[in-house]
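Asks: Sequence and predicted structure below; questions after.
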Amino acid sequence: MGPTVALATRLALGSAQFGLDYGATNPGGRVPPAEVARILAAAAQAGVTLIDTAPSYGEAEAALGGCAASAVFGFVSKTPRFHGRPIGAAELAALRRGVEASCRALRQDRLYGLLLHHVEDLLAPGGGDLLRAMREAQAAGRVAKVGLSVYTADDIERALERGKLDVVQLPFSLLDQRLLHSGHLAALAKAGIEVHARSIFLQGLLLSRPETLPARLAGIAAQLARPLAECRKASIAPLAAALGFVLGQPEIAHAVVGVTSLAEFAAIRAAARPLPAAFDWQACAATDAAWLHPGHWPAA
């Protein structure tokens, strides 16, 4: 098995763009069902085994379930968002309904993973009951692993105070190296927690030329200049640098990549190679953390 094939098996497909007009650099909008089917077939052939999805991604779960090629994948889905309100019987019932609805839409007997969509729900009054309900779904065979989607080191620390997690999904990229330098990646792996990295391209911005950015995102150009300069010095494409850095972290089990076409997936698969030794990835880290969370970007 060559290095490209071995690294490609650690990719996971993101699916927001299969059900929504999603992505700062996606002018084409939602991916058509026929193209979704082609992407899934190519991903399966490449050895990809996991797809990340959520009920909040519009019609993504239904689009995935409608593809014959989806039968070979495991799926990570999310709980409903409870927006930090106290957790009671109604919220627990909504969680259980959500698991069943996701399994039906995806045409799966069980989910590979079920993640709480935000740490605020776990920390809310009664939030521990959500984790217990997820463990009940696991015991019933509807979910293989339970976990949480986080944004910060503080999220990780507060969540682990509430109970054991099997999976943590977190933001990580050439620009966003915070959880590597803080030691949280290593700590999660040492605790036996499976780590999934998302936002590895920052919705495509890491692969964009600064002069092509929409006006509302022009402020990130100074952050992008650093990795672009290192790519030029090491004679490596930004796509290969972004992938090689994330996949080069042994603590990361899966790197979630969003694609809008078969051609994009083929390019990602081909670029999944180890970083050259000359590439100075530490010089690529953002100096302004305000640009690392898409939810905080200026509105259109």
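Replies: Looks like it came in fine. Residues are numbered from 1 along each chain as shown.
Asks: Now do the helices in the stretch 151-300 of the chain.
Replies: Taking DSSP state H, counting those that start in this stretch, the helices of the stretch 151-300 of the chain run over residues 153-160, 178-181, 184-190, 221-234, 238-247, 262-271.
Asks: Low-confidence ranges, the chain, go.
Replies: 1-5, 22-28, 300 (pLDDT under 70).
Asks: Distance check, the most far-flung residue of the chain relative to its centre against Gly204.
Replies: Note on the chain: the largest C-alpha distance from the chain mean falls to Ala89, namely 29.7 Å (C-alpha atoms, centre = their mean). Per C-beta to C-beta, to the nearest Å, Ala89 is found 42 Å from Gly204. In this view, the C-beta of every residue, glycine as well, is placed from N, C-alpha and C.
Asks: Leu7 too?
Replies: Remark: distance between Leu7 and Gly204 (C-beta to C-beta) = 20 Å.
Asks: Please identify which of the two sits among more neighbours.
Replies: Leu7 (22 against 14; other C-beta atoms under 10 Å).
Asks: Spell out the residue ranges of the strands in the chain.
Replies: 11-14, 50-52, 74-78, 111-116, 143-149, 167-171, 194-198, 252-257 (DSSP state E).
Asks: With mean neighbour count as extra columns, can I get those strands in JSON lines?
Replies: Shown next, in JSON lines, are these (neighbours: other C-beta atoms under 10 Å):
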{"stretch": "strand 11-14", "mean neighbour count": "25"}
{"stretch": "strand 50-52", "mean neighbour count": "23"}
{"stretch": "strand 74-78", "mean neighbour count": "24"}
{"stretch": "strand 111-116", "mean neighbour count": "24"}
{"stretch": "strand 143-149", "mean neighbour count": "23"}
{"stretch": "strand 167-171", "mean neighbour count": "23"}
{"stretch": "strand 194-198", "mean neighbour count": "22"}
{"stretch": "strand 252-257", "mean neighbour count": "22"}
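Asks: Go ahead and confirm Val246 touches Ile252.
Replies: Yes. Between Val246 and Ile252 a contact is recorded at 6.2 Å, counting by C-beta atoms under 8 Å.
Asks: Give me the common contacts of the two.
Replies: Residues touching both Val246 and Ile252 (C-beta atoms under 8 Å, 6 or more residues apart in numbering): 172, 197.
Asks: Counting neighbours, what do you get for Ala289?
Replies: For Ala289, the neighbour count with other C-beta under 10 Å is 14.
Asks: pretty sure it contacts Arg178?
Replies: Yes. The pair Ala289 and Arg178 passes the contact test of C-beta under 8 Å, sitting 7.2 Å apart.
Asks: related to what we said a few turns ago, now the strands of the chain as CSV including distance to Phe279?
Replies: CSV is the format used below for those (distance: least, C-beta to C-beta, whole Å):
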stretch, distance to Phe279
strand 11-14, 20
strand 50-52, 27
strand 74-78, 30
strand 111-116, 32
strand 143-149, 29
strand 167-171, 21
strand 194-198, 18
strand 252-257, 17
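Asks: quick one: the helix of greatest length in the chain to strand 74-78, angle?
Replies: Counting by DSSP state H, the longest helix found in the chain is helix 89-106. Going by axes from the mean of the first three to the mean of the last three C-alpha atoms, to 10 degrees, helix 89-106 is angled at 150 degrees with respect to strand 74-78.
Asks: who's in contact with helix 89-106?
Replies: For helix 89-106, contacts defined as C-beta under 8 Å, 6+ apart pick out 53, 55, 61-62, 64-65, 70, 75, 77, 79-80, 82, 85, 108-111, 114, 126, 129-130, 133-134, 137, 142-143.
Asks: Give me the subset of these lying in helices.
Replies: 61-62, 64-65, 129-130, 133-134, 137.
Asks: For PyMOL, write the selection for the buried entries among those.
Replies: Burial among the ones in helices among the contacts of helix 89-106 is assessed by 16 or more other C-beta atoms under 10 Å; the matching PyMOL selection reads:
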select buried, resi 61+64+65+129+130+133+134+137
